[in-house]
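Asker: need coordinates for the below:
(2 chains)
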Amino acid sequence: MTIKPPVDDFATDWDHTDPQWVANPYPIWEDLRGRCPVAHTDRYGGGWFPSTYEGVAAVANDTENFTSRTVVIGNGRPGEDAPPAPIGVAPPISSDPPFHQIARRLILPAFAPGPVNALEPQIRELCNHLLDEMGAGPNINAGDDFAAHIPVWVIAKMLGFPDDDRDLFREFVHIVLEGVDEPQEQRMVSFQPVIEYIERQIEDHVANPRDDLTSYMLNVELPNGEKLLPEHIFGTIILTLIAGIDTTWSAISSSIWHLASHPADLERLVNEPELMPLAVEEFLRFYAPVSMARLVKEDMDYLGCPMKKDDWILLGFPAANRDPAVFENADQFIIDREVNRHVTFGLGIHRCAGSNLARLELRVALEEFIKRFPKFELSDPAAVTFSQGQVRGARFLPLTVLN
Amino acid sequence: MKVTIDAARCQGQGRCFGIAPEIFDFDDLGNGVVIGDGIVDDEELKAKARLAQANCPEHAINIEGN
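Answerer: Residues are numbered from 1 along each chain as shown, chains lettered A, B, ... in the order given. Got it, this is the predicted structure:
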């Protein structure tokens, strides 16, 4: 890992991997909203961070001036190396219109509420299996032994990849999302096993077609009657693996972290299970895991900033969710908040395709967890760690089960 | 009260049919659709329709009348 100079002023030198930002970004964003709604940095080749709901919404809805061809900020500008829009490396998240709509329509039916809700009994069974393995406590690890496993299992099932490879997936997700500090060359080397693994799985599906998302993509035809290009299939698998795992894992673990440190909320949720749908939306708002990136298409003045071609935009959906201009008592977690127009799953044409799945996993995981452990607390608040990069969530989460 | 969804704005965030499944459903892509003609008379359901409108991140729900 390269040693980077510490951030002096986040308004002019922001870095989403800075230890201060990783540990607790909320005061930083509040400060930025107050004095410079769009922060700048020279790091990563240059970039901007809109800290308000209005700024985030403007960029998210503007596919004329911004491209999605690279959505994870890396060291330096992607330049000509990044596969060009419209397809991009992981369609449809990395695609721009008009190809975006074609790629998105292909996968949306698989993630619509109908097929997703059918997974509920299996997710519930999985949660209970994990809880059985964790034992009765008093010391449990709700991150590594519970939250992390749920989305890994769900995504492996959707793609039709072997259950036994779950630990491998988690390693891949780590490589792709938390390795943003690595030099580009090292990143390519780290990526190699991920590429080889997915290619092996695709080959296996070609030889042995079955009823899953991978076989579906191998068979489906575009509106012009053509099959998907191999790089399209590969890219969508990468997307499903990366976007579907540590995002939901983070939402689950951060929600449990909240309940462990706010006994009144835990007690209320245990006693009033009908609150769960509202609570889930507030967990999603308050601990939104995901920030996405865009690239500026051409030099322009935008939101009052002199943006240059290929500058990064960090789309801070979690920051937008804390904007007091849109949310009453934005900095307070209100478990029965009724009006909650959060943008945790993004806005506009790139709305998270897996949002129905994420919501289901979060709800079922929390229902089963608090049913099994109605009272618990953090074993050591200072020991809890958070992931760095564009997906934020509790990682090491040791809890003590109470009687 | 008449409830409609602006299909050009809806992105399938899923809030409406989560909050008011009596009024909203989803299509094969997961986008929101209004059930039937969208006329809501019941006061309790009207409140749910307004709540769904207030929670839609895409501002895709329109309500005419009270």
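Asker: what's the closest non-adjacent residue to A:D336?
Answerer: Closest residue to A:D336 apart from its sequence neighbours, by C-beta to C-beta, 6 or more residues apart in numbering or on different chains: A:L278 at 5.1 Å. For glycine as for every other residue, the C-beta is placed from the backbone atoms N, C-alpha and C.
Asker: let me know the helix or strand that the one you found is in.
Answerer: Per DSSP states H and E: A:L278 is located in helix A:276-286.
Asker: show me what that helix is in contact with.
Answerer: A:251, A:254-255, A:258, A:265, A:269, A:321-322, A:327, A:333-338, A:340, A:342, A:344-345, A:359, A:362-363, A:366-367, B:15, B:18-19, B:55 (C-beta atoms under 8 Å, 6 or more residues apart in numbering or on different chains).
Asker: just checking, what packs against the helix or strand containing B:T4?
Answerer: Element membership for B:T4, per DSSP H and E: strand B:2-5. Strand B:2-5 makes packing contacts with strand B:32-34, strand B:61-64 when contacts are defined by 3 or more C-beta pairs under 8 Å, 6 or more residues apart in numbering or on different chains; DSSP states H and E.
Asker: could I get the CA-only coordinates of the helix or strand following the helix holding A:L278 as PDB?
Answerer: Next along the chain after helix A:276-286, taking DSSP H and E as the criterion, comes strand A:292-296. Taking C-alpha atoms only, strand A:292-296 is exported to PDB below (Å, rounded to 0.1, in the frame of the first residue of the first chain):
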ATOM      1  CA  MET A 292     -20.700   5.600  -7.000                       C
ATOM      2  CA  ALA A 293     -18.400   7.500  -9.300                       C
ATOM      3  CA  ARG A 294     -18.900   9.200 -12.600                       C
ATOM      4  CA  LEU A 295     -16.500  10.900 -15.000                       C
ATOM      5  CA  VAL A 296     -16.900  14.300 -16.500                       C
END
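Asker: about what we covered before: can you tell me which of the helices and strands packed on strand B:2-5 is most buried?
Answerer: Stretch with highest mean neighbour count among the helices and strands packed on strand B:2-5: strand B:32-34 (a mean of 20; mean count of other C-beta atoms under 10 Å in any protein chain shown).
Asker: list of residues touching the next helix-or-strand element following it?
Answerer: As assigned by DSSP H and E, the chain's next helix or strand after strand B:32-34 is helix B:43-55. Applying C-beta under 8 Å, 6+ apart, the contact partners of helix B:43-55 are A:281, A:338-341, B:1, B:3, B:15-16, B:19-20, B:22-24, B:40, B:61-63, B:66.
Asker: and helix B:43-55 with helix A:276-286, angle?
Answerer: Relative orientation of helix B:43-55 and helix A:276-286, computed by axes from the mean of the first three to the mean of the last three C-alpha atoms, to 10 degrees: 20 degrees.
Asker: how about helix B:43-55: buried residues?
Answerer: Buried residues in helix B:43-55, defined by neighbour count with 16 or more other C-beta atoms under 10 Å in any protein chain shown: B:46, B:48-53, B:55.
Asker: same thing with stretch A:215-230?
Answerer: Buried residues in stretch A:215-230 (16+ other C-beta under 10 Å): A:215-217, A:228.
Asker: report the contact partners of the residue of chain B found nearest chain A.
Answerer: Residue nearest to chain A within chain B: B:G30 (3.7 Å; C-beta to the nearest C-beta). Counting by C-beta under 8 Å, 6+ apart, B:G30 touches A:108-109, A:111-113, A:356, B:12, B:14.
Asker: state the distance from A:R200 to A:Q390.
Answerer: 28 Å (C-beta to C-beta, to the nearest Å).
Asker: between those two, which one's more packed in?
Answerer: Applying other C-beta atoms under 10 Å in any protein chain shown to A:R200 and A:Q390 shows that A:Q390 carries more neighbours, namely 23 against 11.
Asker: report pLDDT for the nearest residue to that one once chain neighbours are set aside.
Answerer: Using C-beta to C-beta, 6+ apart and skipping the chain neighbours, the partner closest in space to A:Q390 is A:S291 (4.6 Å). With respect to pLDDT, A:S291 has a value of 97.
Asker: what do you get for A:I73?
Answerer: pLDDT, read off for A:I73, is 89.
Asker: any idea how far the helix or strand just after the strand holding B:T4 is from the chain center?
Answerer: Counting by DSSP H and E, the next helix or strand C-terminal to strand B:2-5 is helix B:15-19. Relative to the chain's own centre, helix B:15-19 is displaced by 7 Å; criterion: C-alpha atoms, centre = their mean, to the nearest Å.
Asker: name the helices or strands packed onto helix B:15-19?
Answerer: Helix B:15-19 is packed against helix A:276-286, strand B:24-26, helix B:43-55, with contacts defined by 3+ C-beta pairs under 8 Å, 6+ apart.
Asker: low-scoring stretches of the stretch 51-200 of chain A, by residue?
Answerer: A:79-88, A:176-182, A:184 (pLDDT under 70).
Asker: show me which residues of it are close to chain B?
Answerer: A:105, A:108-109, A:111-114 (C-beta under 8 Å from any C-beta of the partner chain).
Asker: can you list contacts of stretch B:58-66?
Answerer: A:347-348, A:351, B:1-7, B:9-11, B:13, B:16, B:32, B:46, B:49-50, B:52-53.
Asker: any idea which residue is closest to the centre of chain A?
Answerer: Taking C-alpha atoms, centre = their mean, the centroid of chain A lies closest to A:T247, which sits 3.3 Å from it.
Asker: from what I can see that residue touches A:V290, true?
Answerer: Yes - taking contacts as C-beta atoms under 8 Å, A:T247 lies within contact range of A:V290: 5.5 Å.
Asker: who touches both of those two?
Answerer: Taking C-beta under 8 Å, 6+ apart as the contact rule, A:T247 and A:V290 both touch A:352, A:391.
Asker: check contacts around A:A394.
Answerer: Counting by C-beta under 8 Å, 6+ apart, A:A394 has contacts A:143, A:147, A:250, A:253-254, A:256-257, A:384-386.
Asker: at 10 Å what do you get?
Answerer: A:142-143, A:147, A:249-258, A:260, A:287, A:289, A:378, A:384-387 (C-beta atoms under 10 Å, 6 or more residues apart in numbering or on different chains).
Asker: how far away is it from chain B?
Answerer: Here the criterion is C-beta to the nearest C-beta, to the nearest Å. By it, A:A394 lies 25 Å from chain B.
Asker: state the phi and psi torsions of that residue.
Answerer: phi -70, psi 140 (degrees, to the nearest 10).
Asker: try A:R33
Answerer: phi -60, psi -30.
Asker: ok, the nearest residue to it once chain neighbours are set aside - contacts?
Answerer: Nearest non-adjacent residue to A:R33, counting by C-beta to C-beta, 6+ apart: A:S51, 4.7 Å away. Applying C-beta under 10 Å, 6+ apart, we find A:S51 in contact with A:10-11, A:14, A:28-39, A:314, A:316, A:319-320, A:322-323.
Asker: same check, this time on A:A39
Answerer: A:9-14, A:28-29, A:31-33, A:47-51, A:305, A:314, A:316.
Asker: give me the element the residue nearest to the centre of chain A is part of.
Answerer: Assigned by DSSP H and E, A:T247 falls in helix A:230-261.
Asker: chain center to that helix, what's the gap?
Answerer: Distance, centroid of helix A:230-261 to centroid of chain: 5 Å (C-alpha atoms, centre = their mean).
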